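> okay, structure incoming, though there's no sequence with it:
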Ligand code: ADA
């Protein structure tokens with residue numbers, strides 16, 4: 001399918017209610033968040049975006065935004081998405097050829113209702129707007145979608161899954177990497193070997209293409225699986241080191257320009273890291289594309305944050321979560337960078353009542369893709385009762401930051417990580433969050449200073465590298481991130497930001513960034529030296 005981008009300056013109107021808008025008195029950028037700019041900063045209401053589109057016949061439109069989206073074509077409703085941050089597609093008949101009016105209404109109001117998927121107690125700001133490129137594609141009969149799932153990194157076998165619009169053909173033309181096409185009988189699902197395949201690895205992120213009839217996809221050949229306490233990439237044990245990262249910037253909200261996203265990934269990679277947890281929602285496609293190309297490993301997760309029992313047992317909330325997991329896997333399945341699926345960050349997973357939903361989400365994901373491990377980030381740690389339902393045990397823990405107030409804080413890290421390592425079941429164990437806040441420019445050396453944060457994170461890294469039991473760490477957080485202040489967070493979020501970034505919100509490094517860079521540089525130099533010595537001994 002050939003997608004056409006509709007990015008640019010659209011007509012715009014803001015309304016505090018959701019009455020259908022007919023007067024567009026302003027303009028706004030798409031992608032863009034209306035409440036990140038000066039005119040409507042922090043407003044809660046509906047942003048109406050309008051433009052004309054030349055099209056006809058059956059059409060698919062895809063977009064991603066928040067917090068709830070409605071789509072109108074020539075004034076008629078054609079789609080609705082109540083799943084914030086979720087990649088969303090709607091298909092409809094565009095009518096006769098000519099110019100048509102497309103309107104997208106982005107509603108960022110926050111009704112207090114457990115059925116909602118976004119709540120203001122979440123520790124990140126729920127922006128209103130269109131977060132990502134808006135794209136359309138005319139629909140034709142025949143192959144509509146191709147999924148490629150790597151099965152074996154030794155002989156290059158992949159599973160191919162096809163979806164057709166209307167009827168399926170008897171046979172299709174299949175071609176890898178632009179080689180001469182071969183005609184094969186049509187099947188919804190079949191296996192084959194990639195000719196002259198090269199593996200996708202973080203150091204050599206080789207990408208292949210597969211074309212089936214008119215549909216072309218890019219994929220990487222790599223396997224990812226759990227074995228005992230280990231996580232194996234292409235059958236080799238992985239150690240993950242990296243950051244949690246929100247897709248956000250004070251100037252752009254959640255609609256960050258791709259150039260910023262790519263630069264963030266490049267910085268993390270060149271620091272010597274190999275891992276980003278895309279917290280706490282599905283990431284934009286450009287982020288995944290860039291991670292595929294740059295060899296960055298990604299944890300992709302569906303939206304959730306500290307959801308209490310009341311949410312977990314609410315059937316509308318559950319339905320939304322199931323749908324969000326389905327959409328996430330469907331959109332991201334061909335990205336080799338995605339190695340872990342996650343959901344429901346810090347849910348009430350110490351309650352038996354959490355088990356049905358945790359189990360249902362894990363099974364929903366596995367039914368759509370059994371080629372990657374599934375997890376959720378738990379802050380219930382030793383009290384958690386859902387770890388048996390997932391493949392990786394992931395822990396959010398802040399020893400010495402939210403505890404040990406009488407001590408120096410840093411001394412609490414190692415004993416806590418040792419205790420967790422000793423007591424949790426035999427599965428790969430990941431620290432999915434750990435960190436300490438630092439106010440940019442504070443050099444008082446006490447808590448909240450750049451010095452304290454740097455010492456804290458160096459101790460964490462030292463623990464992770466010396467404790468075999470840990471599969472890795474995603475430090476909290478890559479950069480300072482805007483959040484809510486008038487909620488539970490009012491005491492711990494100066495400036496209205498989560499200040500645990502190692503860069504500030506404008507990506508200016510704090511001391512921790514420089515210290516971690518040095519630490520990883522020395523660590524990587526040592527690894528290279530030891531590998532050379534081992535080779536030397538062998539030969
Ligand atoms: C949690 C949560 C993060 C952030 C962090 C913190 O672990 O998952 O989103 O809020 O705590 O900074 O306290």
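All right, it came through fine. Keep in mind that this is a model prediction, so the values were computed, not measured. Numbering: from 1, shown residues only.
> for the nearest residue to residue 429 once chain neighbours are set aside, what are its contacts?
Nearest residue to residue 429, sequence neighbours excluded (CB to CB, 6 or more residues apart in numbering): residue 393, at 5.0 Å. No exception for glycine: its C-beta is placed from N, CA and C like everyone else's. Neighbouring residues of residue 393 by CB atoms under 8 Å, 6 or more residues apart in numbering: 375, 378, 387, 424, 425, 427, 428, 429, 430.
> tell me how far residue 393 lies from the ligand.
Separation of residue 393 from the ligand (CB to the nearest ligand atom, to the nearest Å): 15 Å.
> in stretch 196-205, which residues are buried?
197, 199, 200, 201, 202, 205 (16 or more other CB atoms under 10 Å).
> how about the contacts made by the third one?
Read it as residue 200. Neighbouring residues of residue 200 by CB under 8 Å, 6+ apart: 206, 207, 220, 221, 222, 292, 295, 336.
> and the fourth one, backbone torsions?
With angles defined as degrees, to the nearest 10, residue 221 shows backbone torsions of phi -100, psi 100.
> for it, which residues are in contact?
Per CB under 8 Å, 6+ apart, neighbours of residue 221: 150, 153, 156, 158, 194, 197, 198, 199, 200, 206, 208, 336.
> if I read this right, the third one contacts residue 192, doesn't it?
No. Judged on CB atoms under 8 Å, residue 156 makes no contact with residue 192 at a distance of 9.2 Å.
> which of those two has more neighbours?
Taking neighbours as other CB atoms under 10 Å, residue 156 and residue 192 compare with residue 156 leading, 19 against 16.
> distance check, that one against the ligand.
Per CB to the nearest ligand atom, residue 156 is found 38 Å from the ligand.
> grab the nearest non-local neighbour of residue 28.
Distances taken as CB to CB, 6+ apart place residue 12 nearest to residue 28, at 3.6 Å, with adjacent residues excluded.
> residues near that neighbour, how many?
22.
> same question for the one 4 residues further on.
Neighbouring residues of residue 16 were enumerated by other CB under 10 Å; the total is 10.
> got a list of what it touches?
Per CB under 8 Å, 6+ apart, neighbours of residue 16: 43, 44, 45, 46.
> which non-adjacent residue is nearest the third one?
Right, residue 45. For residue 45, the closest residue by CB to CB, 6+ apart turns out to be residue 16, at 4.1 Å.
> for the ligand, what's its nearest residue on this structure.
Proximity of the chain to the ligand (CB to the nearest ligand atom) peaks at residue 123, 3.3 Å away.
> so how far is residue 500 from the residue lying closest to that residue once chain neighbours are set aside?
Distances taken as CB to CB, 6+ apart put residue 483 closest to residue 123, at 5.0 Å, once the chain neighbours are dropped. Using CB to CB, to the nearest Å, residue 483 is found at 11 Å from residue 500.
> and what of residue 151?
Separation of residue 151 from residue 500 (CB to CB): 39 Å.
> between these two, which one's more packed in?
Neighbour totals were compared for residue 151 and residue 500, and residue 500 leads with 26 against 15 (other CB under 10 Å).
> wait, the more buried one sits on residue 478?
No. Using CB under 8 Å, residue 500 makes no contact with residue 478, being 9.5 Å away.
> beta-bridge partners for residue 49, please?
residue 12, residue 104 (DSSP bridges).
> ok, now which ones touch it?
For residue 49, the contacting residues are 10, 11, 12, 28, 30, 103, 104, 105, 106, 130, by CB under 8 Å, 6+ apart.
> enumerate the residues of the stretch 101-250 of the chain near the ligand.
Taking CB under 6 Å from any ligand atom as the measure of proximity, the stretch 101-250 of the chain contacts the ligand at residue 123.
> try it again with 8 Å
The stretch 101-250 of the chain comes close to the ligand at residues 122, 123, 124, 244, as judged by CB under 8 Å from any ligand atom.
> do the same with the stretch 401-539 of the chain
Taking CB under 8 Å from any ligand atom as the measure of proximity, the stretch 401-539 of the chain contacts the ligand at 401, 402, 433, 435, 437, 476, 477, 483, 489, 492, 498, 500.
> and the fourth one, helix, strand or coil?
Okay, so that is residue 435. Secondary structure, DSSP: H, G, I helix; E, B strand; the rest coil: residue 435 is coil.
> give the contact list for it.
So residue 435 contacts 398, 401, 453, 456, 457, 460, 475, 476, 477, 500 (CB under 8 Å, 6+ apart).
> now swap in the fifth one and tell me
By CB under 8 Å, 6+ apart, residue 437 lies in contact with 401, 447, 448, 453, 492, 498, 499, 500.
> one step back: which of the contacts of residue 16 are buried?
Neighbour counting with 16+ other CB under 10 Å marks 43, 45, 46 as buried within the contacts of residue 16.
> can you give me the pLDDT of the second one?
Think residue 45. pLDDT recorded at residue 45 is 96.
> my read: it touches residue 17, true?
Yes. Counting by CB under 8 Å, residue 17 is a contact partner of residue 45 at 7.3 Å.
> quick one, helices of this protein?
Assigned by DSSP state H, the helices in the chain fall at 258-270, 285-294, 309-312, 315-332, 355-368, 413-423, 450-466, 511-538.
> in TSV: those, plus mean pLDDT and mean neighbour count.
Putting the helices of the chain into TSV (pLDDT from 0 to 100; neighbours: other CB atoms under 10 Å) gives the following:
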stretch	mean pLDDT	mean neighbour count
helix 258-270	98	16
helix 285-294	98	20
helix 309-312	97	18
helix 315-332	98	20
helix 355-368	98	18
helix 413-423	97	16
helix 450-466	98	20
helix 511-538	88	13
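> closest to residue 179 out of those?
helix 285-294 (20.9 Å; CB to CB).
> any residues touching the closest one, and which ones?
Contacts made with helix 285-294 from outside it, assessed by CB under 8 Å, 6+ apart, are listed as 87, 132-133, 200, 205, 207, 218, 220, 247, 258, 261-262, 265-266, 269, 276, 278, 296-298, 300, 331-332, 335-338.
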